[in-house]
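Visitor: Build me a model:
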Amino acid sequence: MFGGFLGFMGVAVGLALLILAWPKVPTRMPIVKGSVLTLSVALIANFVLSLYLMRHPTAGMKANSYAAAADARKERSQKECNDPVSAFSAVTLEVKRRLKDPDSAVFPWPNDPEVSVQRVGDACTFRVSANVRAKNAFGAYLPNPFDATIRFDMTRGAWVLEAIQI
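Guide: Got it, this is the predicted structure:
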């Protein structure tokens, strides 16, 4: 983050130097050929340093960004762990995998009265019960009840199916 800021400031200072060095722009100080060359070299060096700092952050900058990313992942995992709609969505994916014709599956909305999403003991474990309408082997749409227990694994950041019955 700090390297990006330094790079941005370097580009801003470089543009300011360019405006000062540009001979067609009227300035209060007289522009001499030597000062134009000096300012041009300073501008190029500043631009190269800015690009380097933007592309190659220091170890401290990397550690800060890794720590921030880990904190964000942990927060996102904790939020998903407590979300019953996320648990229902994960179960629907698992149920679809087990159907004869998964493309024909029609699931109810998570807030429908026929859907039951209950927390089981652990804060990250849910029991999901509902019906899915899908084609059977003969092509008829039939409601198939399913009951599944799913747990969110905080280390992997993913839902793990513990039991399912269709």
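
Visitor: Can you show me the strands along this protein?
Guide: 116-119, 125-135, 141-153, 158-165 (DSSP state E).

Visitor: mind giving me the domain ranges of the protein?
Guide: Using automatic domain parsing, the domain parsing of the chain gives 2-57, 79-165.

Visitor: Let me see the contact set for the closest residue to Val115 other than its chain neighbours.
Guide: Counting by Cβ to Cβ, 6 or more residues apart in numbering, Val115 lies nearest to Ala130, which is 4.4 Å off, once chain neighbours are set aside. C-beta here means a position set from N, CA and C on the backbone, and glycine is covered the same way. Ala130 makes contact with 88, 107-108, 112, 114-116, 145-146 under the criterion Cβ atoms under 8 Å, 6 or more residues apart in numbering.

Visitor: just to revisit the earlier point, Tyr66: which of the domains of the chain is closest?
Guide: domain 2-57 (10.7 Å; Cβ to Cβ).

Visitor: Most neighbours among the contacts of Ala130, which one?
Guide: Using other Cβ atoms under 10 Å as the neighbour test, the contacts of Ala130 are led by Phe88, with 22 neighbours.

Visitor: ok, back up a step: deepest in the core, which of the strands of the chain is it.
Guide: Neighbour counts (mean count of other Cβ atoms under 10 Å) averaged over each of the strands of the chain peak at strand 125-135, with a mean of 19.
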